[in-house]
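Student: Predicted model and sequence below, questions to follow.
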Amino acid sequence: EVQLVESGGGLVQAGGSLRLSCVASGFTFDDYAIGWFRQAPGKEREVVACIDNSDSGTFYLDSVKDRFAISRDNAKNAVYLQMNSLKPEDTAVYYCYANILSRYYWGQGTQVTVSS
């Protein structure tokens, strides 16, 4: 059974930092790209960042470039999202996801709230 478990969210003031973590199980972690998407109330889901399985290629949403950094530790089946210079518009539930054999899986999400 594929499982993705996120942690690390919280309440932070604008300009602050948070580091999200996601631990995966139930599949061969280093065979697949892993990413983060977020969902804010009343807004469309958006992919924030993703990283390929060999840790050599990354994608970032334009609005988070130079502020967020995605990384992975294949030995720990973990992916991280370092979020710096947070803005109120970053407030959302953040989900770790994987596309495994054309099916998407994601975790329960972790809430990130940025106060102004």
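Tutor: Looks like it arrived, so ask away.
Student: show me what contacts V12?
Tutor: Applying Cβ atoms under 8 Å, 6 or more residues apart in numbering to V12 gives the contacts 18, 86, 112-115. (Each C-beta comes from the backbone N, C-alpha and C, glycine too.)
Student: any idea which of those is the one closest to S71?
Tutor: Nearest to S71 among the contacts of V12 is L18, at 14.3 Å by Cβ to Cβ.
Student: who touches stretch 106-115?
Tutor: For stretch 106-115, contacts defined as Cβ under 8 Å, 6+ apart pick out 3-14, 16, 18, 20, 22, 37-39, 83, 86-98.
Student: Can you flag which of the residues you listed belong to strands?
Tutor: 3-7, 10-13, 18, 20, 22, 37-39, 83, 92-98 (DSSP state E).
Student: quick one: pLDDT of the most centrally placed residue in the chain?
Tutor: Nearest to the mean C-alpha position of the chain, by Cα atoms, centre = their mean, lies W36 at 2.8 Å. If you check W36, the pLDDT there is 98.
Student: I'd say it and V93 touch.
Tutor: No - assessed by Cβ atoms under 8 Å, W36 is found out of contact with V93, at 10.8 Å.
Student: Could I have the buried ones of the contacts of V12 as PyMOL selection syntax?
Tutor: Of those, the buried ones can be selected in PyMOL as follows, counting by 16 or more other Cβ atoms under 10 Å:
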select buried, resi 18+86+112+114
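Student: residue contacts, the residue nearest to the centre of the chain?
Tutor: Neighbour list for W36: 20, 22, 47-50, 70, 79, 81, 94-97 [criterion: Cβ under 8 Å, 6+ apart].
Student: my read: F27 touches V2, true?
Tutor: Yes - with contact defined as Cβ under 8 Å, F27 reaches V2; the gap is 5.3 Å.
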